[in-house]
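Q: Please find the sequence and the predicted model below.
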Amino acid sequence: MKTKETLLAILFIFVTIVSCDKDSNSDKIPTCFNDYFPLHIGDTWEYKNYIRKASVSSTINNKEYTLITSEIFRADTLYDTREDFYRVENGKVYKLYTDQSNEFLFADFTLAEGESWKYTGENMNGDQWNVTVQEKIDFDFGNTVLHNCKPFYYDVPGWADEEQVYVFAPGIGIISNYSPAWGAGDTIQKAKINGITYQF
């Protein structure tokens, strides 16, 4: 009998640990690892200068990816369009190289503050990017605060002014990207995730 009770207690603790937390102050946005980069078909992210949309799923190299199309605007005119394939597995975001020969680890939400990883960039020099997990933050839009946001610092040692910080919010995805060197970036204004619209 005690063995059965012990097993039930262990099961309860395990389920509690792996379940998503919910913050009542953040419109019940989930905070599971995978939810830092949602990939539902039809999801959209609108920023000041560009719009990203998850448009279609494709099987490439025997793996299921979601295509995200980015439309970049300059003075309200479409300036450029790019397409990137992503997939999420166990709290890690993988991005497909443009030639579709392989993938690299774009974001890892299972790592703790201060931990890092490397990946090879897509330019011909094969430069190594270092990505470091920074301290969690509360991102304040003025009328909305998103909690437990995770900033990632992307850097190529030896390069100048290429540093980039991406901030990921649970249940939303990338909410901000900026260059510490240039003091410029972009912040999300509106998102539609799994049919739910969020205004910031």
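A: Received, thanks.

Q: Helices along this structure, start to end?
A: 2-18 (DSSP state H).

Q: for it, which spans come out with low pLDDT?
A: 1-34, 123-124 (pLDDT under 70).

Q: all strands for it, in order.
A: Remark: strands assigned in the chain by DSSP state E are 44-47, 50-60, 63-74, 77-89, 92-96, 103-108, 116-120, 128-133, 137-140, 145-155, 164-169, 173-179, 184-193, 196-199.

Q: mind listing what's buried in the second one?
A: So the one you mean is strand 50-60. 50-54 (16 or more other Cβ atoms under 10 Å). C-betas here are computed from N, CA, C, even on glycine.

Q: out of these, who's nearest residue 110?
A: Distance to residue 110, by Cβ to Cβ, is smallest for residue 54 among the buried residues of strand 50-60, at 22.1 Å.

Q: quick revisit: dump the strands of the chain to a markdown table, plus distance to residue 37.
A: Output for the strands of the chain, formatted as a markdown table (distance: least, Cβ to Cβ, whole Å):
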| stretch | distance to residue 37 |
| --- | --- |
| strand 44-47 | 11 |
| strand 50-60 | 10 |
| strand 63-74 | 10 |
| strand 77-89 | 5 |
| strand 92-96 | 5 |
| strand 103-108 | 6 |
| strand 116-120 | 16 |
| strand 128-133 | 14 |
| strand 137-140 | 16 |
| strand 145-155 | 10 |
| strand 164-169 | 7 |
| strand 173-179 | 5 |
| strand 184-193 | 11 |
| strand 196-199 | 15 |
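
Q: among those, which is nearest residue 36?
A: When the strands of the chain are ranked by proximity to residue 36 (Cβ to Cβ), strand 164-169 comes first, at 4.5 Å.

Q: Just give me the neighbour total for residue 90.
A: 9 (other Cβ atoms under 10 Å).

Q: So it versus residue 115, what's the distance?
A: 16 Å (Cβ to Cβ, to the nearest Å).

Q: likewise residue 157?
A: In terms of Cβ to Cβ, residue 157 sits 17 Å off from residue 115.

Q: tell me which residues of stretch 186-200 are tucked away?
A: 188, 191-193, 198, 200.

Q: Return the member of the residues you listed nearest to residue 109.
A: residue 193 (16.1 Å).

Q: List the residues that contact that closest one.
A: Shown in contact with residue 193 (Cβ atoms under 8 Å, 6 or more residues apart in numbering): 38, 40, 43, 171-173.
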